[in-house]
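Asks: Got a predicted structure here, sequence first:
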Amino acid sequence: LKDLEKNVDVKSFNLIHAHFLFSDGGVAYKLKKKYGTNYIVAVRNTDINFFFKYALHVRNYGIKILKEASKIIFISPSYKEYLFNKYIPKKYIQHFRKKSHVIPNGLDNYWLENMYFERPKKQNFESLNIISVGDLNMNKNVLTSLKVIKLLKDKGYKVKFDIVGEGPLKKTISKLIGDLSLENDVKLHGYINNKDKLRDLYRKSDIYLMPSITETFGLVYIEAMSQGLPVIYSRNQGIDGFFKEGHIGFSVEPSCPELIVGKIEEIIKSINNMSINAINSVNEFNWFNIADLYIKFYQRIEP
């Protein structure tokens, strides 16, 4: 707050958009108390899965920030419901719901301009190509994904798994690939910065798999959907709640490989319809449409 007051003419603004609840929102709350400036606040992964969960001493302060906000923005329905059901006192829920809105993150225009409408229909499953794109860390849960691949192989599927990314678990992942005898079935690509190359990998794949432990939003799921891939995503995290179960894929409990295998087999039964649904759902994440939503909210708030 002191730094902002020193470097910015805070009185010249009539609205503040705080992009995180506990950090930015705390500053916005103090500015409103001091100058009367209204604010919008967003609630994100760190706010719920760190501050509300572990920092018990600041929970009440987070609720104060939400009470004073003109609008509360969630980037997914799952975070909205999780926060209200777990951390918000019942006496505030109705008031908070009235001023809460879900606005997703937007997709890079590259993926909107290169959507894969010509994806051929899958006729048989002699081979099943699965892809994951993300940092190789505990949160992205690649170790569980490898166990899923092993279970699919044990059930008779000829499965190939492309892993795109780098990170601290690379050696551990490589070791598990060996321990599970998946050397001929799994390929570690490292980081791929070239979007055309990543697009081509998506197009060679059948299903996107990333059962993260926590996920703020997960735009990579939407990238994969733009290329016609049904997706496996985490329950109560990220994009969960935007789509009806079975429409573009399934939510899963990230710690249960057996159940994830079951959901992959459900995708296989309806993969062509899910692929079409995935592509048709991507325009909801166009930044131009999202920006219009924000502008309308800004204009409705009295200075």
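Replies: That came through, no problem.

Asks: Isn't Glu253 up against Gly262?
Replies: No: between Glu253 and Gly262 there is no contact under C-beta atoms under 8 Å: 11.1 Å. Backbone N, C-alpha and C define where each C-beta goes, glycine included.

Asks: The helix or strand of the chain with the lowest mean pLDDT - contacts with which helices or strands?
Replies: Using mean pLDDT, DSSP states H and E, the weakest-scoring helix or strand in the chain turns out to be helix 45-46, at a mean of 86. Under the contact criterion of 3 or more C-beta pairs under 8 Å, 6 or more residues apart in numbering; DSSP states H and E, helix 45-46 touches no helix or strand at all.

Asks: Next secondary structure after it?
Replies: Scanning forward in sequence from helix 45-46 by DSSP states H and E, the next helix or strand is helix 53-54.

Asks: And the strands in the stretch 151-300 of the chain?
Replies: In the stretch 151-300 of the chain, the strands defined using DSSP state E, counting those that start in this stretch lie at 159-164, 186-190, 207-209, 231-234, 249-252.

Asks: which residues are in contact with the third one?
Replies: With C-beta atoms under 8 Å, 6 or more residues apart in numbering as the test, strand 207-209 has contacts from 128-133, 145, 148, 161, 202, 220-221, 224-225, 229-232, 249, 260, 264, 267, 271.

Asks: now do the first one
Replies: When contacts are taken as C-beta under 8 Å, 6+ apart, the neighbours of strand 159-164 outside the stretch itself are 127-134, 136, 142, 145-146, 149, 152-153, 173, 182, 185-192, 198, 201, 205, 209.

Asks: Weed out the non-buried ones from these.
Replies: In the contacts of strand 159-164, burial by neighbour count holds for 128-134, 136, 142, 145-146, 149, 152-153, 173, 182, 185-186, 188, 192, 198, 201, 205, 209, counting by 16 or more other C-beta atoms under 10 Å.

Asks: Which ones among the residues you listed map onto helices?
Replies: 142, 145-146, 149, 152-153, 173, 198, 201 (DSSP state H).

Asks: circling back to that earlier point, give me the contacts around the least confident helix or strand of the chain.
Replies: Contacts of helix 45-46 (C-beta under 8 Å, 6+ apart): 20, 22, 79, 214-217, 237.

Asks: again, only using 10 Å
Replies: By C-beta atoms under 10 Å, 6 or more residues apart in numbering, the surrounding residues in contact with helix 45-46 are 20-23, 52-53, 75-76, 79, 139, 212, 214-218, 237-238.

Asks: Quick one: buried ones out of those residues?
Replies: For the contacts of helix 45-46, buried by 16+ other C-beta under 10 Å: 20-22, 52, 75-76, 79, 139, 212, 214-218, 237-238.

Asks: and which of these is nearest to Ala69?
Replies: Leu21 (8.9 Å; C-beta to C-beta).

Asks: Nearest residue to that closest one in space, please, no chain neighbours.
Replies: Asp47 (4.1 Å; C-beta to C-beta, 6 or more residues apart in numbering).

Asks: tell me the pLDDT at that neighbour?
Replies: Note on Asp47: pLDDT of 92.

Asks: Ok, Ser23 next?
Replies: At Ser23, pLDDT is 88.

Asks: now do the one 10 residues further on
Replies: With respect to pLDDT, Lys33 has a value of 96.

Asks: which SSE is it in?
Replies: helix 24-35.

Asks: neighbours around Val58, how many?
Replies: 15 (other C-beta atoms under 10 Å).
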